[in-house]
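1. Structure, please.
(2 chains)
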2 protein chains.
Amino acid sequence: MSTVLVIGAGGVGSVAVHKMAMNPDVFSQITLASRRRSKCDAIAASVKQRTGVDVRTAELDADDVAATTALIEEVKPGLVVNLALPYQDLAIMDACLKAGANYLDTANYEPRDEAKFEYSWQWAYQDRFKDAGLMAVLGCGFDPGATSVFATYVRKHLLDRIDTLDILDCNGGDHGHPFATNFNPEINLREVTAPSRHWENGQWVEGPALAHKQAFDFAEVGVRNMYLMYHEELESLAKFYPEIKRIRFWMTFGDSYLKHLEVLGNVGMTRIDPVKFQGVEIIPLQFLKALLPEPSTLGAVTRGKTNIGVIATGQKDGAQKTVYVYNVCDHEEAYAETGNQAVSYTTGVPAMIGASLMLTGAWKGAGVFNMEQLDPDPFMALMNSQGLPWKVETLAAPLAF
Amino acid sequence: MSTVLVIGAGGVGSVAVHKMAMNPDVFSQITLASRRRSKCDAIAASVKQRTGVDVRTAELDADDVAATTALIEEVKPGLVVNLALPYQDLAIMDACLKAGANYLDTANYEPRDEAKFEYSWQWAYQDRFKDAGLMAVLGCGFDPGATSVFATYVRKHLLDRIDTLDILDCNGGDHGHPFATNFNPEINLREVTAPSRHWENGQWVEGPALAHKQAFDFAEVGVRNMYLMYHEELESLAKFYPEIKRIRFWMTFGDSYLKHLEVLGNVGMTRIDPVKFQGVEIIPLQFLKALLPEPSTLGAVTRGKTNIGVIATGQKDGAQKTVYVYNVCDHEEAYAETGNQAVSYTTGVPAMIGASLMLTGAWKGAGVFNMEQLDPDPFMALMNSQGLPWKVETLAAPLAF
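-> Numbering: from 1, shown residues only, chains lettered A, B, ... in the order given. This is a model prediction of the structure:
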């Protein structure tokens, strides 16, 4: 019987807490904390209605290390699951060290004032977690998260050596709005407008944002254009799999989405520096966010499926082989189960799975861990039983481009 | 020797005052008034440098009828030329009536809070101007203005009867920005997003904004897509030429401009209702305006030409005939002459010409007049000598669509 403290009451937090409540044998007591307690209470009410489980709630400013430490000391959880903003990762890790709690998150730290994604800040906590005998698991969502588990599973069971690895993230959902972002628009837009970067022959290769695309026929979705991007699991995959010659990340975007993004960039609406207007400082991207549909309202109206997976080409028993491991998730089914659509669901369920493996001791250790360092088998088994079933296909040829 | 009071120190006001100063035989004393006197002083400095003529300046809130009346009584002009915002037409007309001054403007009155363009508000001043023995000339820019003069010239000299009339407004200029508007962006966007409307067989036919387009090969510009729109001279043309079966207005827009407009509309950035943001009320379109390049900065960087004219099909000596009257204006030449590009130039010069005809008595009368009611010949002659030369072509066929 284990106690968990979840920080963050957005869509991902909501999914994770719902799924934890559906697994009371592992998660015997759940506390949900967030800057706005009313959001926690709304999730708790939904969980109570759907599962009968009581979730405790608390108000917490996760930037405040002392307050987070105090809450951890009060709750005494077996694990702190950080589903707050990526800006807050380090503050929550600091609080875990002070209070002596294990830690898990789904997205690596990034500074508030620059679009910079890298693990260095969190890897720097290695010795402190190790010395404290505590475990921190980083990037345990879908991508990053399940995608690295897929790669690790491929390396363990399907290929003797991986030569190239491509991560394919397709959201085939349609919310009916001309333009809206599926999660926090500010983070969404910062990610998409960043230069592309992939790993090739031992080094990073950079390119302009969204300049390289190819069409791919996604199972249960159809043909979509996918674009080369940077995504944070590339860094940990490159670190833990030096044998892989090329690692890339692709995400699908519709023409209309890209058109909106281009125009909003052109007129300055994606700027994150303040503009003086009528005597006040306005950050254009935040004002845009205020005009767009609230991401949490999209769940109820989104139709279609996501398809996220990895294609690995390498050697098996002396021959070249290409395997494709992927999950398909239906927006409407995810919404029916947890009140959140597939983009939140595919991140929140892996967070719950990782938390479950840490609490049950299937995953254990002292220090800071990436997904590539952990046994993929129990994670893959729980994906199948907890709503994210996966398939393995052998492809006739590597990815076209 | 005549005194003129010009109200409004934007691009059009700047052009008009420069051109007045170049015609000192007609405009012996020029006063320029505006809400921000510094803008008037900057124009006066440019006029002094280019022509040696001294322009007097004054600060004036043209919404304040008493203040405008007082300024008119102080300046005692032969004519008040209103080049301020269309919102302010009625207030300035009221002041002219109170102070006993003739009046000329270039754009019809529109309320601040709705996108509604019609002459009714100003035509309602007919009796008051008539009774006072004063003359008000409405819509004396290029379109409205010169386009109605072209139609009147066609009717007087080239065709015995006009059956169809199309006004074609092409701005082939390129300012090098991904998106910017050539004059006040708020008015620009309100005009473009309004439903299309044209006159056909005695009634108005409405359609969605920008839904009907055709390509046309504009002299000295090239082939451009032009879109059916509503424009205010359609109302006066329909009123004064009941014989014309169909009257339409077309304006060219590039694909990129329309893409930006569509996206900005989709995300709510063209809204003119206030949005509560960080405790203050923000009108999205005004915030957008603050992000876009200041229209006055575009002149120095705009290359290319405008081509504005009318195509009239009708009867001449018993046979069908199509004539095309148009002016081509070069952005760089306009800027070199007055410090303003062609969009301001083509409006400001006709305003100066109309003012000249009123001050010299070539145009006279008591009441409110539209351009269709006035002799086109002296206006057409001055266009040729004052920087807006025009051509007449006989076309082999009417406009394609």
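
2. Bridged to the spatially most central residue of chain A, which residues?
-> Averaging the C-alpha coordinates of chain A gives a centre point, and the residue nearest to it by C-alpha atoms, centre = their mean is residue A:141 (3.8 Å). Beta bridges link residue A:141 to residue A:145, judged by DSSP bridges.

3. and stretch A:295-309 with chain B, contact?
-> No - using C-beta under 8 Å from any C-beta of the partner chain, stretch A:295-309 stays clear of chain B, coming no nearer than 14.2 Å. In short, each C-beta sits where N, CA and C put it, glycine included.

4. Identify each buried residue in that stretch, please.
-> With burial defined by 16 or more other C-beta atoms under 10 Å in any protein chain shown, the residues of stretch A:295-309 counted as buried are A:295, A:296, A:298, A:299, A:301, A:302, A:304, A:305, A:306, A:307, A:308, A:309.

5. Out of those, name the two that are farthest from one another.
-> Across those, no pair lies farther apart than A:296 and A:309, at 26.7 Å, counting by C-beta to C-beta.

6. Look up how far residue A:72 lies from the residue nearest to the centre of chain A.
-> 22 Å (C-beta to C-beta, to the nearest Å).

7. Residue A:370 is in contact with residue A:119, isn't it?
-> Yes - taking contact to mean C-beta atoms under 8 Å, the distance of 7.4 Å between residue A:370 and residue A:119 places them in contact.

8. Need the residues touching each of these two.
-> Residues touching both residue A:370 and residue A:119 (C-beta atoms under 8 Å, 6 or more residues apart in numbering or on different chains) are A:138, A:236.

9. higher neighbour count, these two?
-> Relative neighbour count places residue A:370 above the other of residue A:370 and residue A:119, with 25 against 19, counting by other C-beta atoms under 10 Å in any protein chain shown.

10. that's a strand at residue A:220, yeah?
-> No - Residue A:220: not assigned to a strand; according to DSSP: H, G, I helix; E, B strand; the rest coil it is coil.

11. any idea how far it lies from chain B?
-> When distance is defined by C-beta to the nearest C-beta, to the nearest Å, residue A:220 is 28 Å away from chain B.

12. Now do the SS call for the spatially closest residue to that residue that is not a sequence neighbour.
-> In space, not counting the residues next to it along the chain, residue A:220 is nearest to residue A:328; the distance is 4.7 Å by C-beta to C-beta, 6 or more residues apart in numbering or on different chains. The assignment at residue A:328 comes out as strand when based on three-state DSSP.

13. ok, back up a step: okay, and which of the buried residues of stretch A:295-309 map to strands?
-> A:305, A:306, A:307, A:308, A:309 (DSSP state E).

14. can you pull the contacts of the residue nearest to the centre of chain A?
-> For residue A:141, the contacting residues are A:12, A:106, A:107, A:346, A:347, A:348, A:350, A:351, by C-beta under 8 Å, 6+ apart.

15. I'd assumed residue A:307 was in contact with the fourth one.
-> Going back to what we said before, that points to residue A:346. No - contact criterion C-beta under 8 Å: residue A:346 and residue A:307 do not qualify, at 10.0 Å.

16. Touching both of the two, which residues are there?
-> Taking C-beta under 8 Å, 6+ apart as the contact definition, residue A:346 and residue A:307 share the neighbouring residues A:327, A:329.
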